[in-house]
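Asks: what shape does this take:
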Amino acid sequence: MTFEEILDQALDMLRRRGRVSYRALKVQFHLDDDLLEILKEEIVAVHQLGRDQEGTMLVWTGDPAPAAVPASPPRQTPSGLH
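Replies: Now for the predicted structure:
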């Protein structure tokens, strides 16, 4: 997996969950300490979509994930009317 793919997946994970621990990112993406620091820098400083909280996790600061819009039921016309 390329670093760009890891970044995209990590951002998606952070956006969905709202917060992700650094340990979870290391496990999920098999990152060593150096790669984790690069990922953190990309998310916090470069893209400005997260912030560090207490040195243990990232917290999402981007736009909230779009809420699911419920589908409207199909309109029914009364029988016999055209």
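Asks: name the helices or strands packed onto the top helix by length along the chain?
Replies: Looking across the chain with DSSP state H, the single longest helix is helix 3-17. Applying 3 or more C-beta pairs under 8 Å, 6 or more residues apart in numbering; DSSP states H and E, one finds that helix 3-17 contacts strand 19-21, helix 22-29, helix 33-41, strand 57-60. In short, each C-beta sits where N, CA and C put it, glycine included.
Asks: please repeat the previous calculation with a cut-off of 7 Å.
Replies: helix 22-29, helix 33-41, strand 57-60 (3 or more C-beta pairs under 7 Å, 6 or more residues apart in numbering; DSSP states H and E).
Asks: closest one to Q9 among the ones you listed?
Replies: helix 22-29 (7.2 Å; C-beta to C-beta).
Asks: what does the closest one rub up against?
Replies: Contact partners of helix 22-29, identified using C-beta atoms under 7 Å, 6 or more residues apart in numbering, comprise I6, A10, L31, L36, L39, T56, M57.
Asks: ok, now with 8 Å
Replies: 1, 6, 9-10, 13, 31-32, 35-36, 39-40, 56-58 (C-beta atoms under 8 Å, 6 or more residues apart in numbering).
Asks: would you turn these into CSV with pLDDT, neighbour count and distance to L49?
Replies: Formatted as CSV, those follow (pLDDT from 0 to 100; neighbours: other C-beta atoms under 10 Å; distance: C-beta to C-beta, whole Å):
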residue, pLDDT, neighbour count, distance to L49
M1, 90, 9, 20
I6, 97, 19, 15
Q9, 98, 14, 13
A10, 98, 23, 10
M13, 97, 16, 12
L31, 97, 19, 18
D32, 97, 8, 23
L35, 97, 15, 18
L36, 97, 16, 16
L39, 97, 21, 12
K40, 97, 17, 11
T56, 96, 10, 18
M57, 97, 17, 14
L58, 98, 26, 9
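Asks: tell me the two of those residues that are most distant?
Replies: Farthest apart among those - using C-beta to C-beta - are M1 and T56, which lie 24.3 Å from each other.
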